[in-house]
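Peer 1: Have a look at this prediction, sequence included:
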Amino acid sequence: MKTTEYSDLPSELIDEIFDALWISSVSSYTTRHQKALLRSCLPVSTDFRRRIMSRFCSHVHLFDNDERCITRLRELISRPPDSRLGGIGRYIKHFSLKLKLPNRKWDATDPRILRRIMYASHLPAIVEGLHGEDFGVTQFSLTISKECLDSNNALWIDLPADFRSAFRSLLHSPYLTQLNLKNLTVPENIFSGSFLQDLSIAQALRHITANPRTIQELDLVPISLSPFPSLVALCTDYSHEVYSTPLPISMLDKLKVLKELPNKFLNSERTWRILEVSASSLTEIYIDHTGELQ
Amino acid sequence: MSKGEVVKPPEAFNLGAVHNLKVFEYSRRFCDDFPFDESNDLTPSILFHLFHVTEPMENLESIKINFHLKTDLLDNYFLRFHPEWALLDADLSSTSHFPSLIQFGIDIAITLPYLAQNLRQYVTKKNSDVLKSSFPHILATETISFCPTTNLLPSYY
């Protein structure tokens, strides 16, 4: 096909063709020929490369702390200094990171376990590579595996400073609209300036307000403005209880509260409060008002 | 407050304040740590309070209520007629207050212990009968689809 003919095709039609090519290449019955066909598209043009890479890299999941994978991803995510081609960071739309213990020899009771796991890691650079001036991930998920935790859940300050800095920077990306956090308690003021529309927080540390030292460590500060001016969907368990005041959400469209009341210290007052505050905007409410099933 | 106890909504608040609400789903889970005690269960009372509105909820299309029951006590597999179900039935079947309501569902998921497997049909039918008799007005309203379901889940104990 001549380049002029290709450029005359509607973009939607070209997308359809690449979608079909992509789907055929990820099937479990993919032949070597089909894989080769996909690979052969990469050097054809920057447009071909962009269309292939945006499909190939749209979802990236890092689940096992495998340093080889992390190092390789670090090499690929940003533009190599000697290359005209960009890194793959601009093609990643959904990024999931689950921090686990590398092996059973690691001591989960060590209060600095997360810093040890992430010591000299490339993870901060990877997170930095997920957004730029004209691109960025739309969804970011961070899960601290239960095995990394002794009794309490991880606190924001348990993470290395360079990772916290990269994460804060990512939160200010206008492209990032969906954030999922599990087993990590973060100060609510880090959300200020974000463009989040969809927030999921689960299994955050309980009873945080009962412990002044923990509050100090978390750097919880009173905020006068809503940190979630654009939030339309909140999915949480009892985690919104950790904050000293109800999350100031005024334009929430969708609320999911799951598995509340895991013990006698928690109650649903905050849920009713969110409903009151967001009454003018909510269209969908899902409440699992209950104790946990064991 | 005892373990697992639910806090009722504030007296002055009900869903009438949520003018744009389209979908509402409310779930309760019970197990031996949080046993289902219908005589003290606040679910009917909370739902009646939430939907006892003075202004029409013009956009509300779907209400779904889920019960998850898991216990070894046979008596705790059954819902019984509760006076506040009847009050909720009267409110929700009012087309002037809920003109867009087209779906009202109550799903009961029960994990039966192995020894109670022979009661499967009985448990399913009795719960279905209780719920249908608790909401006669909704059942008779043609514009609202009401089909209570009981799902029996396998027990692995």
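Peer 2: Received, thanks. This is a predicted model, so every value here is computed, not measured.
Peer 1: List the contacts of whatever residue of the stretch 51-200 of chain A ends up closest to chain B.
Peer 2: The nearest approach of the stretch 51-200 of chain A to chain B comes at residue A:198, 16.3 Å away (C-beta to the nearest C-beta). For every residue, glycine as well, the C-beta is placed using N, CA and C. Each residue near residue A:198 by C-beta atoms under 8 Å, 6 or more residues apart in numbering or on different chains is listed here: A:177-179, A:231-233, A:235.
Peer 1: can you tell me which of those are in strands?
Peer 2: In strands, judged by DSSP state E, the following of the contacts of residue A:198 are found: A:178-179, A:233, A:235.
Peer 1: Pull the residues that contact the lengthiest helix in chain B.
Peer 2: Criterion DSSP state H: the longest helix present in chain B is helix B:120-134. For helix B:120-134, the external contacting residues (C-beta under 8 Å, 6+ apart) are B:77-82, B:85-86, B:89, B:106, B:108, B:110, B:112, B:116, B:139, B:148-150, B:152.
Peer 1: Sort out for me which of the residues you listed are in helices.
Peer 2: Going by DSSP H, the helices hold B:85-86, B:89, B:139 from these.
Peer 1: For ChimeraX, write the select line for the buried members of those residues.
Peer 2: Filtering the ones in helices among the contacts of helix B:120-134 down to the buried ones (16 or more other C-beta atoms under 10 Å in any protein chain shown) takes a single ChimeraX command:
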select /B:85,86,89,139
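Peer 1: Looking at the ones in helices among the contacts of helix B:120-134, spot the one nearest residue A:257.
Peer 2: Using C-beta to C-beta, residue B:85 is the member of those that sits closest to residue A:257, with 23.3 Å.
Peer 1: Name the nearest residue to the closest one, sequence neighbours excluded.
Peer 2: residue B:134 (4.0 Å; C-beta to C-beta, 6 or more residues apart in numbering or on different chains).
Peer 1: List the residues that contact the closest residue to residue B:82 other than its chain neighbours.
Peer 2: The shortest distance from residue B:82 to any residue other than its chain neighbours is 4.5 Å, reached at residue B:44 (C-beta to C-beta, 6+ apart). Going by C-beta under 8 Å, 6+ apart, residue B:44 touches B:82-85, B:88.
Peer 1: What of residue B:67?
Peer 2: B:27-28, B:30, B:36, B:43, B:79, B:106-109.
Peer 1: Tell me the pLDDT of it.
Peer 2: Looking at residue B:67, its pLDDT reads 86.
Peer 1: can you give me the strands in the chain?
Peer 2: In the absence of a named chain, chain A is used. Along chain A, the segments classed as strands by DSSP E run A:59-62, A:94-99, A:139-144, A:154-155, A:178-182, A:184-185, A:198-202, A:233-236, A:254-257, A:284-288.
Peer 1: Actually, chain B is the one I wanted.
Peer 2: Along chain B, counting by DSSP E, strands occupy B:23-30, B:62-70, B:103-111, B:145-146, B:149-153.
Peer 1: worst-scoring helix or strand of chain B, pLDDT-wise?
Peer 2: Each helix and strand of chain B was given a mean pLDDT (mean pLDDT, DSSP states H and E); the minimum falls on strand B:149-153 at a mean of 82.
Peer 1: so how far is that one off the chain centroid?
Peer 2: Here the centre of strand B:149-153 is set off from its chain's centre by 14 Å, with C-alpha atoms, centre = their mean, to the nearest Å.
Peer 1: For it, which helices and strands make contact with it?
Peer 2: strand B:103-111, helix B:120-134 (3 or more C-beta pairs under 8 Å, 6 or more residues apart in numbering or on different chains; DSSP states H and E).
Peer 1: Do the first one and chain A come into contact?
Peer 2: The reference is to strand B:103-111. No. Shown here: strand B:103-111 not in contact with chain A (C-beta under 8 Å from any C-beta of the partner chain), separated by at least 8.8 Å.
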